[in-house]
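Visitor: coordinates only, no sequence provided:
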């Protein structure tokens with residue numbers, strides 16, 4: 001454990017920690033399922049509609065799997081410098097140091 005200049009331990013703030021990996025995976029999976037649900041709707045509409053709407057739905061049904069996979073594999077970027085040190089505010093420790 002590292003210490004600062006006064007000899008107190010350096011503690012990481014919990015609010016600056018990254019989100020859990022499970023949360024990231026669940027968010028990506030949800031996005032993928034929503035996109036593929038829209039694709040399924042486009043398939044159904046391609047058989048029911050006519051004209052330019054049909055061809056728009058066919059085009060979306062062809063393109064959406066690529067978009068869904070690209071976004072499902074994209075991770076949230078790591079932000080440099082987000083973790084910051086926090087000095088413990090313990091009044092008993094101050095009394096012992098004096």
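Guide: Sure thing, it's come through. On a predicted model such as this, the values are computed, not experimentally measured, just so you know.

Visitor: so residue 53 sits against residue 45, correct?
Guide: Yes - Residue 53 is within contact range of residue 45, at 7.0 Å (criterion: C-beta atoms under 8 Å). Placement of C-beta: from N, CA and C, glycine included.

Visitor: mind checking which of these two has more residues around it?
Guide: Legend: neighbour count by other C-beta atoms under 10 Å for residue 53 and residue 45, higher for residue 45 (16 against 12).

Visitor: show me what contacts the nearest residue to residue 39 once chain neighbours are set aside?
Guide: In space, and not counting its chain neighbours, residue 39 is closest to residue 64: 4.1 Å by C-beta to C-beta, 6 or more residues apart in numbering. For residue 64, the contacting residues are 35-36, 38-39, 42, by C-beta atoms under 8 Å, 6 or more residues apart in numbering.

Visitor: let's have the residues you listed in JSON lines, adding pLDDT, distance to residue 70 and neighbour count.
Guide: Shown next, in JSON lines, are the contacts of residue 64 (pLDDT from 0 to 100; distance: C-beta to C-beta, whole Å; neighbours: other C-beta atoms under 10 Å):
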{"residue": "35", "pLDDT": "93", "distance to residue 70": "10", "neighbour count": "17"}
{"residue": "36", "pLDDT": "94", "distance to residue 70": "13", "neighbour count": "15"}
{"residue": "38", "pLDDT": "95", "distance to residue 70": "15", "neighbour count": "14"}
{"residue": "39", "pLDDT": "95", "distance to residue 70": "14", "neighbour count": "18"}
{"residue": "42", "pLDDT": "95", "distance to residue 70": "18", "neighbour count": "19"}
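
Visitor: okay, those in CSV with secondary structure and distance to residue 75 next?
Guide: Listed next are the contacts of residue 64 as CSV, based on DSSP: H, G, I helix; E, B strand; the rest coil; distance: C-beta to C-beta, whole Å:
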residue, secondary structure, distance to residue 75
35, helix, 17
36, helix, 19
38, helix, 22
39, helix, 23
42, helix, 27
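
Visitor: and which of those is nearest to residue 71?
Guide: residue 35 (7.0 Å; C-beta to C-beta).
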